[in-house]
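Colleague: Fold the following.
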Amino acid sequence: TTETFEKLAAALSEGLAVLAKEDATNDEVTEAIKAIQTAYKGLKEIPLDESTLLDNSGFTAEGLYSESNTVDRIFDENMDTFYETPYYGNDASLPKDVVVDLHGTYQINYVKLFSSNILNGGITNFDISLSMDGEAWDKVYTGEILNGQRHGKGTQIWNDGAKYEGSWKNDQTSGFGVFYHIDGDVYKGYWEHDQANGEGVYIGSDGRRFEGNWVNNVKEGFGQEQWKDGSSYKGQFHNDKKEGYGVYVSANGNKYIGTWKEDKLNGKGTYYYVDGREYCGDFKDNVMQGKGKMKWMDGKEYIGEFKD
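Modeller: I've put the predicted structure just below:
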C-alpha cells in the first residue's frame, strides 16, 4: 500500500542521511538498519478488487510444459497451484516465455505475479509485455495503481531497456526509486514529477559517482563527486556544475580549496602541490591570475601579480 511503502521510503531516507554523516556511530547505523528492516516487514499489499479481474475462461496459452498445465493455473490467484515451462535437455536455457492469447482487446491496468517455491524452481525475475498483433511487444508497468494511474510501489520497463523501480504518485515517479539507464548508469534517490529531486546517488558506467542534492534532474546544492581515476570533489553545485565553495583532489594528489564557477577554478583559493609548493590567491578559468602568493619547499616566496 502507499502508506506502508512511504514508511519504507522514509526509513531509507533516514538511513542515507546517517551514512552521509562522517561521524556516524555504529549505534546510529544499527538503528537505521533496524528501522529499514521493520518498515520492509510492514509492507502490505493493496486489497484485491475482484470486480477488476479479467474473465479468463476464453484465454489460451503457449509455452507450457504439458496439457495438464492449463491457462487457468496462470490466472487462478491460487498459491497452491502452479504451471511449468520446459526445463530439461535442449529446453533448459533461460529465459522462458509464456504467451497468453486474451482473444480480445482489454485495458490492462495492473498485473500481479505469484511466485511459488515449487520442486523444480520458482520465478526469480520476470518481464510482462503486451501486444496487439503478437508481433510488436511493449513492456508494461507492474505495481500499484489508483484510479487507473501508477500510484504506490511499482516497476516500469521501457522498450529501449530503461527501467524504474520505486514509488509513484499520480502516474509520475515520486518518492524513493531507482532508475536504470540504457547505457548502464544508475540513479538511486528521490523523485518528484518524473525528475530527480532531493538526495540521490548517481553511479556512472564509466566509474564516476555523485552523491548529493538534485533539483529537476540536475545537481544543485551540496554534493560529492568521485571519478574512476581517484580524483574527487566535495562542495557546492549549481545547474549541474561545480559552483561556489569546494575542495578538489586530483588523481596525483594535488588539492584545491576555494571557489568555483562553471566547473572551473574561479575566485579566491589555495592550491597545494604534492611537491610541497603552495599557491594562495586569485584564479580565473582554472589558471592563477591576479594577486597571489607562491611558496616553495625551500622557503622562497613570491607575492604579487600572476598572469597566464
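
Colleague: Tell me which stretches of the stretch 101-250 of the chain form strands.
Modeller: Secondary structure of the stretch 101-250 of the chain (DSSP state E, counting those that start in this stretch): strands at 129-130, 138-139, 141-146, 149-157, 163-169, 172-180, 186-192, 195-203, 209-215, 218-226, 232-238, 241-249.

Colleague: Now do the first one: distance to the chain's middle.
Modeller: Between the mean C-alpha point of strand 129-130 and the mean C-alpha point of its chain there is a distance of 24 Å (Cα atoms, centre = their mean, to the nearest Å).

Colleague: what helices or strands is it leaning on?
Modeller: Packing contacts for strand 129-130, counted by 3 or more Cβ pairs under 8 Å, 6 or more residues apart in numbering; DSSP states H and E, involve strand 138-139. Every C-beta, even on glycine, is put in place using the N, C-alpha and C of the backbone.

Colleague: quick one, helices of the stretch 1-150 of the chain?
Modeller: For the stretch 1-150 of the chain, helices defined by DSSP state H, counting those that start in this stretch occupy the ranges 2-20, 26-41, 72-75.

Colleague: Out of those helices, which gets nearest to residue 276?
Modeller: Closest to residue 276 of these is helix 2-20 (Cβ to Cβ; 33.2 Å).

Colleague: now that closest one against strand 218-226, angle please.
Modeller: Note on geometry: by axes from the mean of the first three to the mean of the last three Cα atoms, to 10 degrees, helix 2-20 and strand 218-226 are set 50 degrees apart in direction.

Colleague: the inter-axis angle of helix 2-20 versus strand 141-146?
Modeller: Helix 2-20 runs at 120 degrees relative to strand 141-146, counting by the same axes, to 10 degrees.

Colleague: May I see the buried residues of helix 2-20?
Modeller: With burial defined by 16 or more other Cβ atoms under 10 Å, the residues of helix 2-20 counted as buried are 2, 4-9, 11-16, 18.

Colleague: Quickly, which of the strands of the stretch 101-250 of the chain bottoms out on average pLDDT?
Modeller: For the strands of the stretch 101-250 of the chain, the bottom mean pLDDT is recorded on strand 138-139, which sits at a mean of 74.

Colleague: who does that strand touch, helix- and strand-wise?
Modeller: Using 3+ Cβ pairs under 8 Å, 6+ apart: strand 138-139 touches strand 129-130.

Colleague: Direction included, what does the strand it packs on pair against?
Modeller: In the sheet, strand 129-130 lines up against strand 138-139 (antiparallel) (DSSP bridges).

Colleague: what distance separates the strand it pairs with from the middle of the whole chain?
Modeller: Centroid displacement of strand 138-139 relative to its chain, using Cα atoms, centre = their mean, is 21 Å.
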